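Novice: Sequence isn't available, so here's the structure alone:
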């Protein structure tokens, strides 16, 4: 990703030059409870989160009744029944958005239908999240892109060809966008995470801000993705891993969220640079380097040999250890006391 690529949500810029944005996805972990939803908002805020994400479900516009017969791999009831139980009303969505924003955080929500997208637009959201299941739902992508606001697009269950069609829609509508690599397995085995896909996305979409929507256990893969250029890290979040819910088992808790935020910032700060010597390392050089010293009293005219010179700390002398072999065979032009550093003016190198 080019260093100057970024998207902006309110005052928050997201890209390679900025700290990664960690998205605490509350999703449907609230199980339809406003009390739980607010508890998770509060806990995410206390952990240092800048952004929490929900899902916006308008069931009748999202699914047909046949969905009552489809059971997700990480659940024991139909997708219809899950969403019917967990879907918030528009009034509740507005209340949660207000609650999030009063805490100074970014409210993010994934619309799963045209009606849901329209609801969010009427609520004045700053950004849209499009889930992996909708990555190739080009009519919905186009509808969301028409709002002209930043779009964060997850790409699980899609390849470069299908992602490209959505990206073309976003570009045409001039909607700033980020692409999140994702594997839609719950949980995702580490060997199926495929962090190398981030490089594929960068190569094919050089104008995209990059990120990872991760369903593996723990923070390992999210932290590793920062090194590969991920600027958005999305993880399912819960206040209590004992709560019921299809996504709770793959969620991180408050302490893990805090560690992910702190760790991702640290890794981003540690990236870049080149292998040279920093001026800030000089105090360590002064004691850690070795210099050439006399190991016996050396008289004027004596030849320097391995018997009367060697290398010892500190590193404050003129002649560092790297020049030791050059001094062998040199002649002392001044007397040199044992256990003192040798200086260039006290010797004459052999020709």
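Specialist: Structure's in. What do you need? Keep in mind that this is a model prediction, so the values were computed, not measured.
Novice: can you tell me which residues contact the one residue sitting closest to the centre of the chain?
Specialist: Taking CA atoms, centre = their mean as the criterion, residue 226 is the residue nearest the geometric centre of the chain, at 3.8 Å. Residue 226 is in contact with 20, 233, 264, 267-268, 271, counting by CB atoms under 8 Å, 6 or more residues apart in numbering. (Each C-beta comes from the backbone N, C-alpha and C, glycine too.)
Novice: Now with 7 Å, please.
Specialist: When contacts are counted by CB atoms under 7 Å, 6 or more residues apart in numbering, residue 226 is found next to 20, 264, 267-268.
Novice: so which two of those residues are the farthest from each other?
Specialist: Using CB to CB, the pair of those lying farthest apart is 20 and 267, separated by 8.2 Å.
Novice: Who has more neighbours out of these two?
Specialist: The neighbour comparison of residue 20 against residue 267 (other CB atoms under 10 Å) goes to residue 20, with 26 against 18.
Novice: hang on, the residue nearest to the centre of the chain is in a strand, isn't it?
Specialist: No - counting by DSSP: H, G, I helix; E, B strand; the rest coil, residue 226 falls outside a strand, being helix.
Novice: Distance check, it against residue 269.
Specialist: From residue 226 over to residue 269 the distance is 10 Å, taken as CB to CB, to the nearest Å.
Novice: And for residue 37?
Specialist: With the distance defined as CB to CB, residue 37 ends up 33 Å from residue 269.
Novice: Name the residue in these two with the higher neighbour count.
Specialist: Higher neighbour count among residue 37 and residue 269: residue 37, with 24 against 9, using other CB under 10 Å.
Novice: now for the strand or helix carrying that one, which elements pack on it?
Specialist: Under the criterion DSSP states H and E, the helix or strand holding residue 37 is helix 34-46. Helices and strands in packing contact with helix 34-46 are listed as strand 21-27, helix 90-102, helix 254-270; criterion 3 or more CB pairs under 7 Å, 6 or more residues apart in numbering; DSSP states H and E.
Novice: Quick one: list the elements packing against the first one.
Specialist: For strand 21-27, the contact count by 3+ CB pairs under 7 Å, 6+ apart identifies helix 34-46, strand 51-56, strand 232-236, helix 254-270 as packing neighbours.
Novice: These into CSV, with extra columns for mean pLDDT and distance to residue 216?
Specialist: Shown next, in CSV, are these (pLDDT from 0 to 100; distance: least, CB to CB, whole Å):
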stretch, mean pLDDT, distance to residue 216
helix 34-46, 98, 20
strand 51-56, 98, 18
strand 232-236, 98, 9
helix 254-270, 98, 12
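Novice: Any chance of those in a markdown table with distance to residue 24 as columns?
Specialist: Formatted as a markdown table, the entries for those read as follows, by distance: least, CB to CB, whole Å:
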| stretch | distance to residue 24 |
| --- | --- |
| helix 34-46 | 4 |
| strand 51-56 | 5 |
| strand 232-236 | 7 |
| helix 254-270 | 6 |
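Novice: mind giving me the domain ranges of the chain?
Specialist: Residue ranges for the structural domains of the chain, counted by automatic domain parsing, are given in the record as 9-270, 279-348.
Novice: Of these, flag the one that's most buried.
Specialist: Scoring the domains of the chain by mean neighbour count under mean count of other CB atoms under 10 Å gives domain 9-270 as the most buried, with a mean of 19.
Novice: Flag the shaky bits of the protein, pLDDT-wise.
Specialist: 1-3 (pLDDT under 70).
Novice: go again using 80 as the cut-off
Specialist: Across the chain, the ranges flagged by pLDDT under 80 are 1-4, 74, 351.
Novice: quick one: furthest residue from the center of it?
Specialist: When distances are taken from the C-alpha mean of the chain, residue 301 lies farthest, 63.8 Å away, according to CA atoms, centre = their mean.
Novice: Spatially, which residue comes closest to residue 304, not counting chain neighbours?
Specialist: Counting by CB to CB, 6 or more residues apart in numbering, residue 304 lies nearest to residue 330, which is 4.7 Å off, once chain neighbours are set aside.
Novice: so the one you found makes contact with residue 346?
Specialist: No - here residue 330 does not reach residue 346: they are 9.5 Å apart, not a contact under CB atoms under 7 Å.
Novice: all helices of the stretch 251-351 of the chain, in order?
Specialist: Shown for the stretch 251-351 of the chain, the helices assigned by DSSP state H, counting those that start in this stretch span residues 254-270, 282-288, 324-327.
Novice: and of those, who's closest to residue 214?
Specialist: Set against residue 214 and scored by CB to CB, the helices of the stretch 251-351 of the chain come closest in helix 254-270, at 9.8 Å.
Novice: what's the spacing between the closest one and its chain's center?
Specialist: Shown here is helix 254-270, whose average C-alpha point lies 8 Å from the average C-alpha point of the whole chain (CA atoms, centre = their mean, to the nearest Å).
Novice: same question, stretch 12-20
Specialist: On the basis of CA atoms, centre = their mean, stretch 12-20 sits 10 Å off its chain's mean C-alpha point.
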